[in-house]
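Trainee: I'll drop the sequence and a predicted model, then ask my questions.
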Amino acid sequence: MNKLDTALVTTALEEAGFGLSESVKEADVVLINTCSVREHAEQLVLSHLGHLKHIKKSRPDLVVGVIGCMAQRLGDELLEHEAVNIVCGPAEIPQISELLAKAVRERQKSLAVTEKIRRKGSQQQSRALEEFESAYGIKDERIPAQAFVRVMRGCNNFCSYCVVPYVRGPEVSRSSEAVIEQIRKLADHGVKQVTLLGQTVNSYKYKIGEKTWSLADLLEAASDIEGIEWLRFVTSYPSEEHFDEIMQVMAGSPKVCEYLHIPAQSGSDRILRAMNRNYSSRRYLELLDRAREIVPGISIAGDFIVGFPGESEEDFQATVNLVEKARYKNAFIFKYSPRPGTKSDKRLQDNVPGEVKQRRNVELLAVQEKISDELSREFLGEEVKVLVEGLSKKPHLNMADAGDNPQLVGRSSGDWIVVFNGPESLTGKFIRVKIESVSPLTLFGRLT
Ligand code: 5AD
Ligand code: SF4
């Protein structure tokens with residue numbers, strides 16, 4: 001979501017006459033897009049701001065803006081920071097070029113956050129967001145051949161630990177016509193892979209006339225668009241609604257990637273209840289079974305929070321058991337971080353000590369790594385289709401016969417990272433790679 005917002009804002013600013021600078025030293029304006037999901041992310045921003053405050057001592061004309069969830073969450077408080085000139089929440093980004101131009105001109109502080117964020121926004125606000133989204137969503141070419149398309153904003157789930165509903169507002173699905181139109185334009189601009197985005201993307205719902213569109217309908221319609229070769233969607237909430245339909249579209253359409261990101265958060269039913277997640281570990285695992293029945297070979301990823309208030313060794317063991325049964329391709333594991341304003345922060349004590357959280361994090365990662373390793377070995381000797389993303393950022397040393405070609409990285413339909421040697425001109429293209437060696441999260445091979 002934040003990557004998309006960053007891309008939209010960058011494109012809007014370029015259109016307004018600003019140019020992108022690679023270093024703070026050369027920049028007249030520094031914009032920081034922020035995340036509030038965990039405290040650590042917010043602390044990083046504060047430390048950047050501390051650094052910028054220092055720089056501003058010798059360059060008082062430097063304009064600093066904070067956008068994103070932290071801007072919405074802290075509002076005024078953030079504006080008081082010595083370094084900060086602009087604070088702009090996620091629902092206010094259509095104003096960003098104006099705010100910046102004004103700050104550069106007048107050097108005054110300005111605040112643009114949404115009051116009463118849980119209320120449905122005004123028609124004017126949703127129109128502005130929609131226009132911003134469709135105007136700038138087609139121009140970003142920073143990741144060749146790939147684009148994100150938001151299909152919904154906000155969230156209504158109120159998981160007890162989560163700040164998102166308080167900073168991104170209520171769940172609103174974008175019009176299916178606007179989404180399809182946007183994908184069509186992207187395809188015309190050479191985009192081959194589109195990732196549909198929503199906090200709970202599988203609860204997408206939009207009524208036009210008699211028909212209520214679901215994510216399955218969107219995927220089906222998007223599959224008919226010429227030029228689009230791969231479609232993905234993140235993130236799914238473990239809910240029965242439309243689940244089979246979505247899996248059936250995945251099974252039936254060669255364009256819908258066989259990948260499902262479906263966070264479980266915990267394997268303990270007691271903790272799941274305290275988290276206000278509406279499922280048990282048994283029902284969660286049943287969903288995975290159904291996914292695998294309908295889409296054999298589907299690659300599944302999950303998210304977990306360890307050290308939620310009151311999580312006992314027994315609860316943690318239940319999570320380990322679930323991870324062992326789920327056989328994820330990979331899992332993102334986070335240590336519980338109390339977020340101000342959320343239910344778990346208000347009502348529960350953050351009573352699992354830091355070192356216990358850390359140990360559980362490491363232990364769960366090790367359990368998952370073994371599974372990732374086993375699953376990756378199944379690819380040895382196989383040929384996989386890969387969309388090339390570009391030069392590999394961290395060259396892997398085990399490729400002896402590189403020749404003159406650099407190391408490239410791409411992803412398979414199942415979201416496996418694939419590393420191989422080839423000309424950089426392959427970026428943004430689909431190619432086939434024969435897998436020769438593996439590590440738990442990466443497949444290595446050669447072009448066929
Ligand atoms: N503490 C730790 N992790 C969190 N997540 C969301 N809120 C918190 C929190 N307060 C994790 C969840 C979610 C992912 C995006 O971040 O696992 O799926
Ligand atoms: Fe947060 Fe839960 Fe909504 Fe996901 S579903 S964004 S974890 S409240």
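Mentor: Sure, I can see it. Ligands and ions are numbered 1, 2, ... in the order given.
Trainee: now stretch 68-80, how far from the chain's geometric center?
Mentor: Chain-centre distance of stretch 68-80: 21 Å, with C-alpha atoms, centre = their mean, to the nearest Å.
Trainee: could I get that stretch in PDB with only the CA atoms?
Mentor: Provided in PDB are the C-alpha atoms of stretch 68-80 (Å, rounded to 0.1, in the frame of the first residue of the first chain):
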ATOM      1  CA  GLY A  68       1.200   8.300   5.400                       C
ATOM      2  CA  CYS A  69      -0.200   6.600   8.400                       C
ATOM      3  CA  MET A  70       2.100   8.200  11.000                       C
ATOM      4  CA  ALA A  71       1.000  11.600   9.700                       C
ATOM      5  CA  GLN A  72      -2.600  10.600  10.200                       C
ATOM      6  CA  ARG A  73      -2.000   9.100  13.600                       C
ATOM      7  CA  LEU A  74       0.100  11.900  15.100                       C
ATOM      8  CA  GLY A  75      -1.200  14.900  13.200                       C
ATOM      9  CA  ASP A  76      -0.400  18.100  15.200                       C
ATOM     10  CA  GLU A  77       2.100  16.400  17.400                       C
ATOM     11  CA  LEU A  78       4.200  15.600  14.400                       C
ATOM     12  CA  LEU A  79       3.800  19.100  13.000                       C
ATOM     13  CA  GLU A  80       5.300  20.500  16.200                       C
END
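Trainee: Quick one: residues in contact with that stretch.
Mentor: With C-beta atoms under 8 Å, 6 or more residues apart in numbering as the test, stretch 68-80 has contacts from 2, 5, 32-37, 41-42, 45, 66, 84, 87-91, 109, 111, 113-114, 117, 163-164, 166-168, 340-341. From N, CA and C alone the C-beta is placed, and that goes for glycine too.
Trainee: Report the buried residues of that stretch.
Mentor: By neighbour count on 16 or more other C-beta atoms under 10 Å, the buried set for stretch 68-80 is 68-75, 78-79.
Trainee: quick one: which two of the residues you listed are the most distant?
Mentor: Maximum pairwise distance among the buried residues of stretch 68-80 (C-beta to C-beta): 15.5 Å, between Cys69 and Leu79.
Trainee: which stretches of the stretch 101-250 of the chain form strands?
Mentor: 110-112, 146-150, 152-153, 172-173, 193-197, 206-208, 211-213, 230-234 (DSSP state E, counting those that start in this stretch).
Trainee: Including mean pLDDT, could these go into CSV?
Mentor: Listed next are the strands of the stretch 101-250 of the chain as CSV, based on pLDDT from 0 to 100:
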stretch, mean pLDDT
strand 110-112, 94
strand 146-150, 95
strand 152-153, 95
strand 172-173, 95
strand 193-197, 97
strand 206-208, 96
strand 211-213, 97
strand 230-234, 98
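Trainee: So, low pLDDT: which residues of this protein?
Mentor: For the chain, applying pLDDT under 70 flags the ranges 395-403.
Trainee: Enumerate the residues of it near ligand 2.
Mentor: 155, 157-159, 162, 164-165, 199-200, 237 (C-beta under 6 Å from any ligand atom).
Trainee: Quick check: Ala301 is in a strand.
Mentor: Yes: per DSSP: H, G, I helix; E, B strand; the rest coil, Ala301 lies within a strand segment.
Trainee: Contacts only, for it.
Mentor: Counted by C-beta under 8 Å, 6+ apart, Ala301 has contacts 259-262, 328-332, 415.
Trainee: What of Asp28?
Mentor: Counted by C-beta under 8 Å, 6+ apart, Asp28 has contacts 61-63, 104.
Trainee: What segments of the stretch 301-448 of the chain are strands?
Mentor: Counting by DSSP E, counting those that start in this stretch, the strands of the stretch 301-448 of the chain are 330-335, 383-391, 407-412, 417-421, 430-439, 442-447.
Trainee: Can you lay out those as a markdown table showing distance to Pro353 and mean neighbour count?
Mentor: Formatted as a markdown table, these follow (distance: least, C-beta to C-beta, whole Å; neighbours: other C-beta atoms under 10 Å):
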| stretch | distance to Pro353 | mean neighbour count |
| --- | --- | --- |
| strand 330-335 | 11 | 19 |
| strand 383-391 | 40 | 19 |
| strand 407-412 | 38 | 21 |
| strand 417-421 | 34 | 22 |
| strand 430-439 | 32 | 17 |
| strand 442-447 | 34 | 19 |
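Trainee: want to try CSV for the ones you listed, with distance to Leu52 as columns?
Mentor: Shown next, in CSV, are the strands of the stretch 301-448 of the chain (distance: least, C-beta to C-beta, whole Å):
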stretch, distance to Leu52
strand 330-335, 27
strand 383-391, 30
strand 407-412, 32
strand 417-421, 34
strand 430-439, 38
strand 442-447, 36
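Trainee: Out of those strands, the one nearest ligand 1 is which?
Mentor: Smallest distance to ligand 1 across those (C-beta to the nearest ligand atom): 3.6 Å, for strand 330-335.
Trainee: contacting residues around the closest one?
Mentor: Residues outside strand 330-335 that contact it (C-beta under 8 Å, 6+ apart): 38, 263, 301-307, 323, 354, 357-358, 361, 364-365, 368, 372, 441.
Trainee: same question, stretch 146-153
Mentor: Contacts of stretch 146-153 (C-beta under 8 Å, 6+ apart): 1, 3-4, 7, 91, 129, 133, 137-138, 140, 168-169, 171-174, 179, 182-183, 186, 191-201, 203-204, 215, 218, 233, 387, 389, 428.
Trainee: Ligand 1 next: which of those are close?
Mentor: Okay, of the contacts of stretch 146-153, nothing touches ligand 1 (C-beta under 6 Å from any ligand atom).
Trainee: Please spell out the ChimeraX selection for the buried subset of those.
Mentor: The ChimeraX selection below is limited to those of the contacts of stretch 146-153 classed as buried (16+ other C-beta under 10 Å):
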select :1,4,7,91,129,133,137,138,140,168,169,171,172,173,174,179,182,183,186,191,192,193,194,195,196,197,198,199,200,201,203,204,215,218,233,387,389,428
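Trainee: In helices, which of the contacts of stretch 146-153 fall?
Mentor: 3-4, 7, 129, 133, 168, 179, 182-183, 186, 215, 218 (DSSP state H).
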